[in-house]
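>>> what's the 3D shape of this:
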Amino acid sequence: MSQEPKLPDVDRDTPNAARMYDYLLGGSHNFAADRAATERIKADMPWFPEAARANRYFLNRAVRFCVGEGIDQFLDLGSGIPTAGNVHEAARRLDPGARVAYVDNEPVTVASATALLDGDPHATITAADLRDPDAVFAAPGVRDLLDLSRPVALLTVAVLMFVPDEDDPAGILRRYRSRLAPGSIHVLTHGTADHDAEQVRSLTNVYRTTANPAVARTKAQVAELFGDTELVEPGLVDATDWRPDDHGSSAQHRGYWAGAGRIA
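So this is what the prediction gives:
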C-alpha cells in the first residue's frame with residue numbers, strides 16, 4: 001500500500017492556481033491562502049465554482065469523444081491533481097487500456113498525484129513546465145508511456161490563461177502539435193472576459209496576487225491558439241455547449257471558450 005507522500009517545501013502563504021482549482025472542485029490538496037483567494041473571487045463571481053465544474057464536465061466529454069475517435073493516449077498539460085472526474089478514469093470507462101501522461105509544475109500537485117497514481121502502469125505524473133515542450137517530451141513519464149507514432153489527445157484545459165503573451169502560447173502549442181501523429185486531437189479551454197468584463201477583471205486582479213497571474217482572452221484570440229487544426233463540431237463554443245449531455249447546454253454561460261481541433 002502506498003504511503004502518503006512527504007510534501008515538498010512550498011510557499012503555503014502564496015495562493016496557487018492548481019490548488020485553488022482543487023478547492024473549487026471540492027478537493028483537499030490546498031492551503032488556507034488558496035481558499036481565501038478563491039473566496040475573494042467568489043465574492044464578485046458567485047458562479048465561479050459552477051464555471052470550474054462546467055470546465056471539468058467538458059473535459060470528461062472531450063475525453064470520451066477522443067476515445068470514440070480511436071485515441072487511447074492522452075497528454076494532459078497543467079493537469080492539476082487527478083482527483084474526481086480525472087482523465088484516466090473517464091477514458092478507461094470506454095477503453096481500459098488508455099494511457100495518460102499528466103504534467104504539472106506545482107509541487108503539491110505532483111506529490112499528491114504521485115501517491116494517487118502509485119501502482120498504475122498506464123498513468124504517470126511529470127514535474128515539468130509546459131512552456132518547455134522538449135523537456136516534457138523527454139521526461140520518462142511521457143517518453144516511455146506515449147507512442148508518438150500513433151494519435152495522442154493533447155489536453156490544455158484551463159491552463160493557457162496562465163501563459164502570458166510574451167511566452168508565445170500559440171508558438172508553444174505549435175511545437176507540441178508538430179510532434180504528434182496525424183489524427184491526434186488538441187482539446188482546449190480558456191477563460192474569457194467576453195461576457196463579464198468587470199467580474200473577470202476582478203478575478204484577474206486576485207490572480208495577480210497568486211503564483212499564477214492570469215490573462216483572459218477573447219474568442220478570436222483563443223481560436224488562434226488552435227493554429228491550423230480543424231475544429232470538430234460544434235467548433236469553439238462555451239464549455240457548456242460543447243456536445244452537451246446531462247450536464248449540458250445552459251442558458252448561463254460559464255466563461256470558458258472550449259473546443260477540439262484535429263491535427264492533420
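
>>> Look up phi and psi at Asp76.
Phi and psi for Asp76, reported as degrees, to the nearest 10, are phi -110, psi 100.

>>> roughly how far is stretch 44-61 from the heart of the chain?
Relative to its chain's centre, stretch 44-61 lies at 12 Å (C-alpha atoms, centre = their mean, to the nearest Å).

>>> Show me the contact partners of it.
Stretch 44-61 has contacts (C-beta atoms under 8 Å, 6 or more residues apart in numbering) with 21, 24-25, 38, 41-42, 85, 87, 90, 155, 157-158, 187, 189, 196, 199-200, 202-203, 239-240, 242-245, 247, 250, 252, 254-256, 258. (C-beta placed from N, C-alpha, C; glycine too.)

>>> could you pull out the helices for this protein?
Counting by DSSP state H, one finds helices in the chain at the ranges 17-24, 32-44, 48-68, 87-92, 107-116, 133-138, 140-143, 169-178, 197-207, 219-225.

>>> What residues of the second one count as buried?
Of the residues in helix 32-44, those buried under the neighbour-count criterion (16 or more other C-beta atoms under 10 Å) are 33-34, 37-38, 40-41, 44.

>>> Among those, find the lowest-pLDDT one for me.
Ranked by pLDDT, the buried residues of helix 32-44 bottom out at Asp44, which scores 90.

>>> That one and Asn30, how far apart?
Between Asp44 and Asn30 the computed distance is 20 Å (C-beta to C-beta, to the nearest Å).

>>> which residue is nearest the middle of this structure?
Centrality entry for the chain: nearest residue to the mean C-alpha point is Val157, 2.9 Å, by C-alpha atoms, centre = their mean.

>>> List the contacts of that one.
Val157 is in contact with 55, 58-59, 62, 76, 78, 187-189, counting by C-beta under 8 Å, 6+ apart.

>>> Neighbour-wise, which one of the residues you listed leads?
Sorting the contacts of Val157 by how many neighbours each has (other C-beta atoms under 10 Å) puts Thr189 first, at 30 neighbours.

>>> Pairing-wise in the sheet, spell out the partners of the residue nearest to the centre of the chain.
In this structure, Val157 bridges to Thr189 when assessed by DSSP bridges.

>>> distance of it from Asn86?
Taken as C-beta to C-beta, the span from Val157 to Asn86 is 12 Å.

>>> just Pro121 next, same as before
16 Å.

>>> Equivalent analysis for Asp241, please.
23 Å.

>>> Please apply the same query to Ala223.
Distance, Ala223 to Asn86, using C-beta to C-beta: 28 Å.

>>> Pick out whichever of those two has more residues nearby.
The neighbour count for Ala223 versus Asn86, taken as other C-beta under 10 Å, is higher for Asn86 (23 against 18).

>>> Enumerate the residue intervals of the stretch 1-150 of the chain where per-residue confidence is below the cut-off.
The model of the stretch 1-150 of the chain has pLDDT under 70 over residues 1-9, 84.

>>> out of the contacts of Val157, who's nearest Thr209?
Gly78 (19.7 Å; C-beta to C-beta).

>>> Please report phi then psi for the closest residue to that closest one other than its chain neighbours.
Nearest residue to Gly78, sequence neighbours excluded (C-beta to C-beta, 6 or more residues apart in numbering): Val159, at 3.0 Å. Main-chain dihedrals, Val159, degrees, to the nearest 10: phi -130, psi -30.

>>> Could you check the pLDDT of Val159?
96.

>>> which ones are touching it?
Counted by C-beta under 8 Å, 6+ apart, Val159 has contacts 77-78, 130.

>>> tell me which of these is nearest to Ala113?
The shortest approach to Ala113 among these belongs to Gly78, at 12.3 Å (C-beta to C-beta).

>>> doesn't Thr109 make contact with the closest one?
No. With contact defined as C-beta atoms under 8 Å, Gly78 does not count as touching Thr109 (9.4 Å).

>>> so what sits against both of those two?
By C-beta under 8 Å, 6+ apart, the residues touching both Gly78 and Thr109 are Ala18.
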